[in-house]
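Visitor: sequence and predicted structure below; questions after.
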Amino acid sequence: MDNRTDQDVVDVLTAQHQQISTLIEQIRGDHDDKQQLFNELVRLLAVHESAEEEVVHPAAKRAAFGVEDMVKTRLGEENRAKQHLADLYDMGVEHPEFAARFARFADAVADHAAHEEAEEFTMLRKQFSETQLQRMAESVRFAESVAPTRPHPRAGESAVANVLVGPPFALFDRIRDALRDRGEDTHA
């Protein structure tokens, strides 16, 4: 049994929420590789949120009457998180204010994930068949494979914005990641 293909979209996203939570706790700790952990968190959050905006939120809006406000609230939270993450990235993990700002960001991310899991993910499980949820998981994985690896808050939070500007940003981000990783390898 291939667990990856048997997972539905809720399983995939919930597992990513747990990865995000684990990374946040590691970054809050005293680690020599804090910058590397933060880079991993930035990448995971950027692709995760892009995929949700392209696949999950539109599906939720189509699935049930009256969820537009819930989805709009989640999108607003995600856009604010992108801005805060971009600010933290620009600030750097060594900045004296990083820990305090990161703590506020981490609390907002945890609150956002809890709302998604309790509201949106629960609604998805009620409205879609297991097969549909597994197909959504495949769509999420594909969206993540071509998503930007950095937050781009000015790009917007809609599926259309992600489809139009996501691929060029993704290409740029992935080149930047490769150069950064190459630089880290030469300093190791």
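Guide: Looks like it arrived, so ask away.
Visitor: any idea which helix or strand in the chain has the lowest mean pLDDT?
Guide: helix 159-187 (a mean of 47; mean pLDDT, DSSP states H and E).
Visitor: buried ones in stretch 114-132?
Guide: 116, 119, 120, 121, 123, 124, 128 (16 or more other C-beta atoms under 10 Å). To be clear about C-beta, it is placed using only N, CA and C from the backbone, and glycine gets the same treatment.
Visitor: same thing with stretch 67-78?
Guide: For stretch 67-78, by 16+ other C-beta under 10 Å, it's 67, 70, 71, 74, 75, 77, 78.
Visitor: cool, stretch 23-35 as well?
Guide: Counting neighbours by 16+ other C-beta under 10 Å, stretch 23-35 gives 23, 24, 27, 34 as buried.
Visitor: show me what counts as buried in the helix or strand containing residue 21.
Guide: Element membership for residue 21 (DSSP states H and E) is helix 9-28. By neighbour count with 16+ other C-beta under 10 Å, helix 9-28 contains the buried residues 9, 10, 11, 12, 13, 14, 16, 17, 20, 23, 24, 27.
Visitor: give me the neighbour count for residue 142.
Guide: 13 (other C-beta atoms under 10 Å).
Visitor: nearest spatial neighbour of residue 133, skipping sequence neighbours?
Guide: What sits nearest to residue 133 in space, not counting adjacent residues and going by C-beta to C-beta, 6 or more residues apart in numbering, is residue 8, at 3.4 Å.
Visitor: contact partners for the one you found?
Guide: For residue 8, the contacting residues are 130, 133, 134, 136, 137, by C-beta atoms under 8 Å, 6 or more residues apart in numbering.
Visitor: quick check: ChimeraX command selecting the buried ones in these.
Guide: Buried subset of the contacts of residue 8, written as a ChimeraX selection, criterion 16+ other C-beta under 10 Å:
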select :133,134,136,137
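Visitor: okay, now the unreliable bits of the protein?
Guide: Applying pLDDT under 70 to the chain picks out residues 1-5, 65, 150-188.
Visitor: in this structure, which spans are helices?
Guide: Ranges of helices in the chain, per DSSP state H, are 3-6, 9-28, 34-51, 57-63, 68-91, 98-115, 122-127, 130-145, 159-187.
Visitor: what is the end-to-end distance of stretch 114-134?
Guide: Stretch 114-134 has an end-to-end distance of 22 Å (C-alpha to C-alpha, to the nearest Å).
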